[in-house]
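In: Pasted the sequence and its predicted model underneath.
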Amino acid sequence: MPALETRGLTVRFGGHVAVDNVSCRFTSGTLTTIVGPNGAGKTTYFNLVSGQLRATSGQVLVEGEEITLLSPSARAKRGLGRAFQMTNLFPDLTALENVRLAVQCRAEAGWSLFRVWSGRRDLIEKAEEVLERVRLSDKRHVPPKALSHGDQRKLEVALLIAMEPKVFMFDEPTAGMSVDEVPTVLELIRDIKQRKDATVILVEHKMDVVRSLSDRIIVLHNGALVADGDPAQVIASPVVQEAYLGVGAANG
Ligand SMILES: Nc1ncnc2c1ncn2[C@@H]1O[C@H](COP(=O)(O)OP(=O)(O)OP(=O)(O)O)[C@@H](O)[C@H]1O
């Protein structure tokens, strides 16, 4: 059974079909990258899956159970994890406190900073472990607003790891990063996939990143799924060659 599946997923904005009848299955242990030109519908597809946006028609299923009508937080409880730039972070708490809250939430120990913290050494250890994994231990007492852009992105990944979702969704995880910060985040994403047989879905523009990470690539074009398969094969396809390299004509 696929970890995540969309069936005929569609959303219209007035007369414009931003996501057009997308049927796709994502299996665990696989990293799939969604590519396509600007405006192709990649982020909108993510929004439909994570629940930020309601579909006009079609279905979203996690491990075979339909979640199409659930709120984003109810979908998160079913195992859908999406990294959001900064919006999930509490800017005035420290990095460790942010991760600890995510760990507490996962353990269903509630959101109180004060009540649970002192009595639950296991939760503290888990939070420390996650920070270590993203290599932010030395910045545990720094609030997110004082971290570099690259470290903020690492902290977002830490929050996602702490929530232990079945499906990890990253929308351009290296966007706005300096060249030297990119490899760390790519390494973290690889690590996520390898450790727990997780299902990872990325939206990414940079073709070198796509090449180095993907087990599978799907291509959206005008909201529709136009190619799906092995990275080398998809990258060589006319639709990708035209969209990214501006060569040839994508006939059909
Ligand atoms: N809330 C909305 N209302 C109206 N149109 C929208 C809305 N959200 C997205 N669109 C339109 O849907 C289309 C797909 O946009 P989307 O942002 O999903 O593309 P994308 O593939 O993620 O592009 P990019 O690579 O530039 O991020 C665009 O034409 C966009 O203008």
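Out: Ah, there it is.
In: Pretty sure residue 184 sits against residue 153.
Out: No: using C-beta atoms under 8 Å, residue 184 is not in contact with residue 153; the gap is 9.0 Å. Where C-beta positions appear, they are placed from N, C-alpha and C, glycine not excepted.
In: more neighbours, the two?
Out: residue 153 (26 against 18; other C-beta atoms under 10 Å).
In: Under a three-state scheme, what state does that one occupy?
Out: Of the three states, residue 153 takes helix according to DSSP: H, G, I helix; E, B strand; the rest coil.
In: wait, doesn't it sit right on residue 185?
Out: Yes: Residue 153 lies in contact with residue 185 (C-beta under 8 Å); the separation is 5.8 Å.
In: For the two, list the residues in contact with both.
Out: Contact with both residue 153 and residue 185 is made by residues 173, 174, 177, according to C-beta atoms under 8 Å, 6 or more residues apart in numbering.
In: Inside strands: which ones of those?
Out: Among the shared contacts of residue 153 and residue 185, no member falls in strands (DSSP state E).
In: Does stretch 74-88 reach the ligand?
Out: No: using C-beta under 6 Å from any ligand atom, stretch 74-88 stays clear of the ligand, with a minimum separation of 13.0 Å.
In: In PDB, list the C-alpha atoms belonging to that stretch.
Out: Listed next in PDB are the C-alpha coordinates belonging to stretch 74-88 (Å, rounded to 0.1, in the frame of the first residue of the first chain):
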ATOM      1  CA  ALA A  74      -5.600  16.400  11.500                       C
ATOM      2  CA  ARG A  75      -3.600  15.400   8.400                       C
ATOM      3  CA  ALA A  76      -0.400  15.900  10.400                       C
ATOM      4  CA  LYS A  77      -1.700  13.500  13.100                       C
ATOM      5  CA  ARG A  78      -2.200  10.900  10.300                       C
ATOM      6  CA  GLY A  79       1.500  11.200   9.400                       C
ATOM      7  CA  LEU A  80       1.800  14.000   6.900                       C
ATOM      8  CA  GLY A  81       4.800  16.200   7.800                       C
ATOM      9  CA  ARG A  82       5.500  19.400   5.800                       C
ATOM     10  CA  ALA A  83       8.500  21.700   6.500                       C
ATOM     11  CA  PHE A  84       7.400  25.300   6.500                       C
ATOM     12  CA  GLN A  85       9.900  28.100   6.400                       C
ATOM     13  CA  MET A  86       9.900  29.700   9.900                       C
ATOM     14  CA  THR A  87       6.100  29.600  10.300                       C
ATOM     15  CA  ASN A  88       6.300  26.500  12.600                       C
END
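In: list the buried ones in that stretch?
Out: For stretch 74-88, the neighbour count (16 or more other C-beta atoms under 10 Å) marks 75, 76, 79, 80, 81, 82, 83, 88 as buried.
In: Give me every residue in this structure lying close to the ligand.
Out: 13, 18, 36, 38, 39, 40, 41, 42, 43, 44.
In: Which two of the buried residues of stretch 74-88 have the greatest separation?
Out: Greatest spatial distance among those (C-beta to C-beta): 79 and 88, at 16.4 Å.
In: so where do the strands sit in the stretch 51-200 of the chain?
Out: In the stretch 51-200 of the chain, the strands defined using DSSP state E, counting those that start in this stretch lie at 57-62, 65-66, 80-83, 167-171, 199-203.
In: now for the first one, which elements pack on it?
Out: In this case it means strand 57-62. strand 4-13, strand 16-26, helix 42-50 (3 or more C-beta pairs under 8 Å, 6 or more residues apart in numbering; DSSP states H and E).
In: circling back to that earlier point, of the buried residues of stretch 74-88, just say which sits nearest to residue 145.
Out: residue 88 (13.7 Å).
In: okay, the closest one: pLDDT?
Out: pLDDT for residue 88: 66.
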